[in-house]
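*Asks:* Below: sequence and its predicted model.
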Protein chains: 4
Amino acid sequence: MSGITTPASRVFSSDNTAGTSPEILEAMTRAAAGQALPYGADDTTASVRRRLGEIFERDVDVLLVSTGSAANALSLAALTPPWGSVLCHRDSHINNDECGAPEFYTAGAKLIPLGGDDAKIDPQELRAAARHKAGDVHSVEPSVVGITQATETGAVYTLDEIRTLGSITEEAGLRLHMDGARFAGAVAALGCTPADLTWRAGVDLLSFGATKNGTMTADAIVVFDRSRTAELAFRAKRAGQLASKMRFHAAQLDAYLTDDLWLRNAAHANAMAARLQEGLTAVPGVGLLGAADANIVFCRLPRQVVQGLLADGYAFYHDRWEPGVVRFVTSFATTPQDVDQLLEAVGRHADRPAPVGATPGP
Amino acid sequence: MSGITTPASRVFSSDNTAGTSPEILEAMTRAAAGQALPYGADDTTASVRRRLGEIFERDVDVLLVSTGSAANALSLAALTPPWGSVLCHRDSHINNDECGAPEFYTAGAKLIPLGGDDAKIDPQELRAAARHKAGDVHSVEPSVVGITQATETGAVYTLDEIRTLGSITEEAGLRLHMDGARFAGAVAALGCTPADLTWRAGVDLLSFGATKNGTMTADAIVVFDRSRTAELAFRAKRAGQLASKMRFHAAQLDAYLTDDLWLRNAAHANAMAARLQEGLTAVPGVGLLGAADANIVFCRLPRQVVQGLLADGYAFYHDRWEPGVVRFVTSFATTPQDVDQLLEAVGRHADRPAPVGATPGP
Amino acid sequence: MSGITTPASRVFSSDNTAGTSPEILEAMTRAAAGQALPYGADDTTASVRRRLGEIFERDVDVLLVSTGSAANALSLAALTPPWGSVLCHRDSHINNDECGAPEFYTAGAKLIPLGGDDAKIDPQELRAAARHKAGDVHSVEPSVVGITQATETGAVYTLDEIRTLGSITEEAGLRLHMDGARFAGAVAALGCTPADLTWRAGVDLLSFGATKNGTMTADAIVVFDRSRTAELAFRAKRAGQLASKMRFHAAQLDAYLTDDLWLRNAAHANAMAARLQEGLTAVPGVGLLGAADANIVFCRLPRQVVQGLLADGYAFYHDRWEPGVVRFVTSFATTPQDVDQLLEAVGRHADRPAPVGATPGP
Amino acid sequence: MSGITTPASRVFSSDNTAGTSPEILEAMTRAAAGQALPYGADDTTASVRRRLGEIFERDVDVLLVSTGSAANALSLAALTPPWGSVLCHRDSHINNDECGAPEFYTAGAKLIPLGGDDAKIDPQELRAAARHKAGDVHSVEPSVVGITQATETGAVYTLDEIRTLGSITEEAGLRLHMDGARFAGAVAALGCTPADLTWRAGVDLLSFGATKNGTMTADAIVVFDRSRTAELAFRAKRAGQLASKMRFHAAQLDAYLTDDLWLRNAAHANAMAARLQEGLTAVPGVGLLGAADANIVFCRLPRQVVQGLLADGYAFYHDRWEPGVVRFVTSFATTPQDVDQLLEAVGRHADRPAPVGATPGP
């Protein structure tokens, strides 16, 4: 792996370490020829919008941006005033992993952390929070609900769960944003339509993640509430997110959306995670944790296994959530051989006698 | 041209309509393979930093960002407090063309427009503004000077001019930012070292533009005042400018900086502009305007010529600054044949009898 | 004068150095007794709203704030998005004298300075600026026009002038804010109704200044566009402008609005300025400058007069706009004797032989 | 009570419903005469600074502001960058009751809620939070600790508790802010020196609350870390918190600090709360809740008592935290008779037979 010595086949640290799909690289090559209108007035950007309209079964507006953080922060800023609050899961990416990007873009709105299993917002907590001190000038005003699909722990909200959160949101007069950094994985896992999973359930704006699933430098905001489009355009320019050579972002998305590449990539990543899960259940001393509906697997590994894998050159996060807990992430680029080799290594280290004094997890 | 019907050879509207250099596309292809550490911890990003260190003859820190607007706004935010002011030319891009990105990133600093020919800041005006109400809490505090090299009208500050502005800035205790959206063109035009043109003249942060000169989605901030680096890193993340697959920005810059591609591209664009200027001087009724040191040519064309070129399918800006004034921009992708054909067309239309009542420029 | 040795009768530096009217102090004493609901739910705050409704001949909402800067910045923030622009005179207080408060409260909107005599916005400039690049995401969006009545130089817009600016504003789809730091002086000078001068001419929000004309710590925002009220309430709280013991601000305003105290104070200040102007015209070597419709007098004084007055202990601004230019400000507390003594002193110093080499103004 | 029909003697809802002390009103009357330099350059403002210097046994800088919210938000903004976090108790005023003022003033910093009894920050939680992801650009940076003394529930941190939090803060390289909305009450309760309780324990900036304890429209920031003073001055102006007639804020504070009025008022309010507590313990069915070290008493009252008191015209908060929980607040204006009458009423209603089906608290 560029930057470390790990071979590509042993990287399970994240889905953002993979490269890109061949189809996307080819599209980039085609885009490099000739001249194109700047700032999204080119044909390819228009094509992306049409494709997303077909996928979501309705007219949508689209903004192409360079990161998922920008997609999320721009979306939230278009849905809450500065004195508003964003109701989100306490483990959500927007709450923990964007260095306050939502607060920056919204000019100081407040994120209200809610609980719930598997990083899914608990509906009862949402119901209470959605009306908490509404209209009271001494408090921030509940304004937007932010859900992540698939969640940060790899779980996927069912269609019913999304609809429940959507209807609580609507009844309270709030707006709904979906952080779809791994949206393709959720669609692939559920087998339902993108439309049902989003605007038909009340989603106003969707961060349509692509980078983790095959593109290089491009994510998108899909705008269902088109009354927000003009505002988003100004906000994006002002945020340094209106690329002059937009076609190079668009070419990636266009290929990504062609012939279901986005779904094929996601289904593959999910299948690799399932293969890994299945294999892990057979290893003594390994405990799977939480729902692993998409491409993220959390498990508890004996310390000797963690140490053995690290010694083998495997890259993955461990002991970050709690001692002994390990996260493996698969991607479109993970091969069945990569998974099988990992499983073999886990089994091999698990069979060794535990070091004196070692416990299963520190 | 994608998005319009103009053939590539007739596009003189901007240097952001061109594609990319073959070397850059090849680097992108190489980067697509394998795994790489995210967020700039990859080898290619490290290589870009080394190359920029060599080019600028000292250690520098580097942030790769997706647009020049982001490079400018981040840089300014790291150099002024919210209650500060940015002294800049009234025609500068940061003042007019970024939808208030500097104001957004700085949390509300104020841009103070100054005058001067050819979009260069007048030293006398700067001298006065740099101390205007300094320390007076009723006024914003003069904090940073922003200069564009090459300027928005295609002029290039001489080394002496830069040094003069740099020393006024330093004496007043302010900081200096250079918007180098067309920095390569300025270096190519002046033939001086990048170091002399920047940090040796007092520049603290440089927006090192690349997109207009050959890359696809990547610009850079070159940090000379490395006490600003940590702050810039937090600001970039928070702004949605820390790309997860950073290697794909880095690969572009790395190729751009290899074997002087950046200077070769810029020298070519400049040469095309010079060829165009020289040809235009021979056309009766055509007046060149201002200094055209880099790749932008401003001129005054008879109305019949403007109309004729538009009818031929040429793309360029006209009548935007004042009636009859036309701007042509060349790029690394412009060919001598493109220029010669344009000159031929200008000459042909100029030879036609002027329409009754027409004046040379309305 | 507290803080300097100048006797009260010799202070002509500003109308913010005076104390308060006896009626206002008495109201404060009454307010100090007993208990009152906090945050503006008290009877006195309600009374202020009723009185302002009567004065403006319609229902209005009212926010009491602690400074004129807060009144202006809050109002502008409620009328422009962060990517909007505020069209104002280049000499306006919001542009020059509030340390970027409008930029802070609006989350980075841009003030566009316009020209015009006597610090009044030139209608032609406004007409052009109001549509400049409207709808272009590369530029800030023209959003609100800010006018000062009376102006910073002591001129008063006529009713026709206000109506003209109001109709340009409305036609362009923008909003209109009036900085009425010296609104009472303008009403007293014009003799027209407050309603005609504001909402009937298109004003959406008025900063109803009171501190300069007799109150101690209280100004008000009068809300004609009541769709802005809820937003203003949240913004005010968030800005630290929702006083818990609001009755103490309200008591000042309530007395100020009772029995026309606000108009009597303003008329007196205006009369003192007129007396001063009239007297100055009789002094050889003294030139009056600009319109002095309210309580501010600009004039050009021989240097020996300036020096003589300073030696006498007079406090006033001089040589700040240009050499030899002096500003005298009168207030509700200025007495005819104060003016006559000042005139006597000016005459006395003017009669002295000019020092060798002195010019009438440096 | 102005705004409601409750007689002053029956208001126990907050300490912000009281008027002002006679000494303060007299000072205001004196301040109303004559002229004074604006913006804090007057003698009275200088006197306030001197008095606070004596009280805190060292040189301090002082900013006078119009609300406690402004004092808190300005202070926090001077101690954290926009990408920083403020570690505070989850029940703190800055977290819940200021409509996001800290987020607004800091340009989007994040408040991290911590637990602990009696609204005091738990040292263990602080220790962990103070280093959580420090230096990680994906997360906000721990920057400032905010403690409230006395706390929002009426408890008072002991000197040792403050020192412990101060030393955790210092060791982690963070800054310390104290929200002293009821600082006088804490000093009166502890009997220790203001210096020990603040800067000697590591406090950098103190919101020195006065409004709840006797002033009308004025609170103060006491600056121990004087490297923050210049920044605070710009921020205050920009926030609309630099009053032109500052002497009217200063006069209140000056009288408040004279002859220990601030401590006498606070000691009286505390004594009234103690009297109330003592009386309540004697009433069957009444349970006291939490520490009541200052002027706030939380207790659990039988429903019939709550209803009876409301019917008597008493004003107080109930059923806001949880069913049956009541808060009584005393102030400098509360008399022993007021307390005794309240106790008599509580006893009277408690003696009545409980309504059928009623429980002690719903």
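*Replies:* Structure received.
*Asks:* and whichever residue of the stretch 251-362 of chain A sits closest to chain D, what is it in contact with?
*Replies:* Distance from chain D to each residue of the stretch 251-362 of chain A (Cβ to the nearest Cβ) is smallest for A:R320, at 10.5 Å. All C-beta spots, glycine's among them, are computed from the backbone N, C-alpha and C. By Cβ atoms under 8 Å, 6 or more residues apart in numbering or on different chains, the contact list for A:R320 reads A:R327.
*Asks:* Name the helix or strand for it, please.
*Replies:* If you go by DSSP states H and E, A:R320 is not part of any helix or strand.
*Asks:* where along the stretch 251-362 of chain A do the helices fall?
*Replies:* Secondary structure of the stretch 251-362 of chain A (DSSP state H, counting those that start in this stretch): helices at A:261-281, A:303-312, A:336-351.
*Asks:* highest average neighbour count across the ones you listed?
*Replies:* Most buried of the helices of the stretch 251-362 of chain A by mean neighbour count (mean count of other Cβ atoms under 10 Å in any protein chain shown) is helix A:261-281; its value is a mean of 21.
*Asks:* ok, A:I94 touching A:I112?
*Replies:* No - using Cβ atoms under 8 Å, A:I94 makes no contact with A:I112, being 11.4 Å away.
*Asks:* joint contacts of those two?
*Replies:* With Cβ under 8 Å, 6+ apart as the test, A:I94 and A:I112 both reach A:V86, A:C88.
*Asks:* Please identify which of the two sits among more neighbours.
*Replies:* Neighbour comparison, A:I94 and A:I112: the larger count goes to A:I94, with 26 against 21 (by other Cβ atoms under 10 Å in any protein chain shown).
*Asks:* in chain A, which strand has the most residues?
*Replies:* Using DSSP state E to define each element, chain A has its longest strand at strand A:141-148.
*Asks:* Give me the residue ranges of chain A where confidence is low.
*Replies:* In the predicted model, chain A carries pLDDT under 70 at residues A:1-5, A:353-362.
*Asks:* One more pass at 90, please.
*Replies:* Within chain A, the stretches with pLDDT under 90 are A:1-9, A:33-34, A:285, A:290-292, A:320-322, A:324, A:351-362.
*Asks:* ok, which residues in it are in contact with chain C?
*Replies:* Residues of chain A lying near chain C by Cβ under 8 Å from any Cβ of the partner chain: A:39, A:81-83, A:107, A:137-138, A:141, A:231, A:233-238, A:242.
*Asks:* Filter these down to just the ones in helices.
*Replies:* A:E231, A:A233, A:F234, A:R235, A:A236, A:K237, A:R238 (DSSP state H).
*Asks:* Make CSV from those and add distance to A:G324 to it.
*Replies:* Conversion of those to CSV gives the following (distance: Cβ to Cβ, whole Å):
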residue, distance to A:G324
A:E231, 47
A:A233, 48
A:F234, 48
A:R235, 43
A:A236, 43
A:K237, 47
A:R238, 45
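*Asks:* Pick out whichever of those sits closest to A:A8.
*Replies:* Of all those, A:A236 has the smallest distance to A:A8: 34.0 Å, by Cβ to Cβ.
*Asks:* residues in contact with that closest one?
*Replies:* Going by Cβ under 8 Å, 6+ apart, A:A236 touches A:L63, A:V65, A:A70, A:L74, A:L242, C:V137.
*Asks:* Tell me the secondary structure at A:S14.
*Replies:* coil (DSSP: H, G, I helix; E, B strand; the rest coil).
*Asks:* how many neighbours does A:R51 have?
*Replies:* A:R51: 17 surrounding residues under other Cβ under 10 Å.
*Asks:* right, and it touches A:D259 too?
*Replies:* No - counting by Cβ under 8 Å, A:R51 does not reach A:D259; the two are 10.6 Å apart.
*Asks:* Switch the helices of the stretch 251-362 of chain A over to JSON lines; also include distance to C:A184.
*Replies:* Shown next, in JSON lines, are those (distance: least, Cβ to Cβ, whole Å):
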{"stretch": "helix A:261-281", "distance to C:A184": "65"}
{"stretch": "helix A:303-312", "distance to C:A184": "76"}
{"stretch": "helix A:336-351", "distance to C:A184": "78"}
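*Asks:* Adding distance to chain B, write these out as JSON lines.
*Replies:* Formatted as JSON lines, the helices of the stretch 251-362 of chain A follow (distance: least, Cβ to the nearest Cβ, whole Å):
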{"stretch": "helix A:261-281", "distance to chain B": "14"}
{"stretch": "helix A:303-312", "distance to chain B": "16"}
{"stretch": "helix A:336-351", "distance to chain B": "11"}
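*Asks:* Identify whichever of those lies nearest to C:G287.
*Replies:* Among the helices of the stretch 251-362 of chain A, helix A:261-281 comes nearest to C:G287, with 76.0 Å by Cβ to Cβ.
*Asks:* Which residues of the stretch 101-250 of chain A lie near chain D?
*Replies:* Remark: the part of the stretch 101-250 of chain A in contact with chain D comprises A:E103, A:F104, A:T106, A:A107, A:G108, A:A109, A:K110, A:L111, A:V137, A:H138, A:S139, A:V140, using Cβ under 8 Å from any Cβ.
*Asks:* tell me the contacts of the second one?
*Replies:* Contacts of A:F104 were listed using Cβ under 8 Å, 6+ apart, and they are A:A73, B:R238, B:A239, D:P82, D:W83, D:A107, D:G108.
*Asks:* Return the closest of those with respect to A:G209.
*Replies:* For those, the residue nearest A:G209 by Cβ to Cβ is A:A73; the value is 13.8 Å.
*Asks:* Okay, and that closest one sits in which element?
*Replies:* Assessed by DSSP H and E, A:A73 sits inside helix A:68-77.
*Asks:* and that helix with strand A:141-148, angle?
*Replies:* Going by axes from the mean of the first three to the mean of the last three Cα atoms, to 10 degrees, helix A:68-77 is angled at 150 degrees with respect to strand A:141-148.
*Asks:* how about helix A:68-77 against chain D, any contact?
*Replies:* No - Helix A:68-77 is not in contact with chain D by Cβ under 8 Å from any Cβ; minimum separation 9.3 Å.
*Asks:* From the contact counts, what lies against that helix?
*Replies:* With contacts taken as 3 or more Cβ pairs under 8 Å, 6 or more residues apart in numbering or on different chains; DSSP states H and E, helix A:68-77 sits against strand A:61-65, helix A:93-96, helix A:101-105, strand A:141-148, strand A:175-180, strand A:205-208, strand A:219-223, helix A:229-238.
*Asks:* Was I right to think A:T17 contacts B:G34?
*Replies:* No - look at A:T17 against B:G34 with Cβ under 8 Å: they stay out of range, at 9.1 Å.
*Asks:* Nearest residue to the spatially most central residue of chain A in space, please, no chain neighbours.
*Replies:* Centroid-nearest residue in chain A: A:A181, 2.3 Å away (criterion: Cα atoms, centre = their mean). Nearest residue to A:A181, sequence neighbours excluded (Cβ to Cβ, 6 or more residues apart in numbering or on different chains): A:G209, at 3.8 Å.
*Asks:* so the one you found touches A:V187, yeah?
*Replies:* No - using Cβ under 8 Å, A:G209 is not in contact with A:V187, being 11.4 Å away.
*Asks:* ok, now which ones touch A:A134?
*Replies:* Counting by Cβ under 8 Å, 6+ apart, A:A134 makes contact with A:E141, A:P142, A:A172.
*Asks:* So for A:Q307, what's the nearest residue that isn't a sequence neighbour?
*Replies:* In space, and not counting its chain neighbours, A:Q307 is closest to A:H349: 7.7 Å by Cβ to Cβ, 6+ apart.
*Asks:* if I read this right, the one you found contacts A:L309, doesn't it?
*Replies:* Yes - counting by Cβ under 8 Å, A:H349 does reach A:L309; the two are 6.7 Å apart.
*Asks:* quick one: the longest strand of chain A near chain B?
*Replies:* No - Strand A:141-148 is not in contact with chain B by Cβ under 8 Å from any Cβ; minimum separation 15.3 Å.
*Asks:* which residue does the stretch 1-150 of chain A bring closest to chain B?
*Replies:* Closest point on the stretch 1-150 of chain A to chain B, by Cβ to the nearest Cβ, is A:A70, at 2.9 Å.
*Asks:* Just give me the neighbour total for that residue.
*Replies:* 29.
*Asks:* Fine by me, thanks again.
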